[in-house]
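J.: can't give you the sequence, but here's the structure:
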């Protein structure tokens, strides 16, 4: 490696205390979830409190309904994220060890699964309360990027989900045997800090785009535009980062060193790319569907 950045000495635990023989710790990852959810909630509440941002100057939900929906979303994130990881990434292992599905504390969450969980929870909630679903999707999408930004930074602090080996000057030498297992590299192995790439694209840039659309471009007056931009933006960001992100170990084999979940003749897609393609298509469809339709006029014949 011609240049690399040593991994910063940051503990995954913010602090820990021992009580009655048990160690209780607050981890950066947990704090990222908490702060991300609170920041997203405040963004949505701020938008709802400005009726002029919405179609017909009417927000789709009240602040009380947003608080109730937040509980549903948290449950959807946890259940969907875990089940998505089980089904998309290691179905054979969990089929043989079904009790391990409940061991969330050991890690293993899927963003795409969490997204499906949120969609399901939001659909049921809005159906029960007769809330416009597309406008509700816009509100939820507005609140997601802060959690993505902080969550990816927490992934970096945890030294997990790192990228493929690189000789670029900003490559990071992540700790651990798995991160340092690079057969073609002599000495320390530097890898793409793909977590930070995703934090920048999915969290910071995408979040800024949504804020501009909402507060400067009146996008909430066109139901589906904000949600569509989020789906397409996240899907494209994740699709691109997958080119430098280390795939899950279960997809790597001697004949498939790139860890492609689908491939023909050495060309193919990772699981993350496969799951991102429907998001891009759905996002583009929502954006096109939200375009203002030209009003047609008819002229009566005398």
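T.: That came through fine. If you're wondering where the values come from, they're calculated on a predicted model, not measured in any experiment. Residues are numbered from 1 along each chain as shown.

J.: switch to C-alpha atoms for all contacts and neighbour counts from now on
T.: Noted.

J.: counting neighbours, what do you get for residue 227?
T.: 27 (other Cα atoms under 10 Å).

J.: surely it and residue 144 touch.
T.: No: contact criterion Cα atoms under 8 Å: residue 227 and residue 144 do not qualify, at 10.3 Å.

J.: residues near the residue lying closest to residue 203 once chain neighbours are set aside, how many?
T.: Distance criterion Cα to Cα, 6 or more residues apart in numbering; nearest residue to residue 203, sequence neighbours excluded, is residue 149 at 4.0 Å. The tally of other residues near residue 149 (other Cα under 10 Å) stands at 25.

J.: likewise for residue 218?
T.: 16.

J.: now swap in the one 4 residues further on and tell me
T.: Close neighbours of residue 222, defined as other Cα under 10 Å, add up to 18.

J.: pLDDT at the closest residue to it other than its chain neighbours, what is it?
T.: Excluding its sequence neighbours, the residue lying closest to residue 222 (Cα to Cα, 6+ apart) is residue 290, at 5.4 Å. Residue-level confidence at residue 290 comes out at 94, pLDDT.

J.: kindly report the same for residue 23.
T.: For residue 23, pLDDT reads 67.

J.: who are the packing partners of the longest helix anywhere in the chain?
T.: When the chain is parsed with DSSP state H, its longest helix is helix 63-88. In terms of contacts (3 or more Cα pairs under 8 Å, 6 or more residues apart in numbering; DSSP states H and E), helix 63-88 is packed against helix 28-48, helix 111-128.

J.: please enumerate the helices of the stretch 151-300 of the chain.
T.: 194-198, 206-215, 225-241, 271-289 (DSSP state H, counting those that start in this stretch).

J.: show me where pLDDT drops low in the stretch 51-200 of the chain?
T.: 104-107 (pLDDT under 70).

J.: still on that earlier bit, so what's the gap between the longest helix of the chain and the chain middle?
T.: A distance of 13 Å separates the C-alpha centroid of helix 63-88 from that of its chain, computed with Cα atoms, centre = their mean, to the nearest Å.

J.: one more: stretch 248-266?
T.: With Cα atoms, centre = their mean, you get 23 Å for stretch 248-266.
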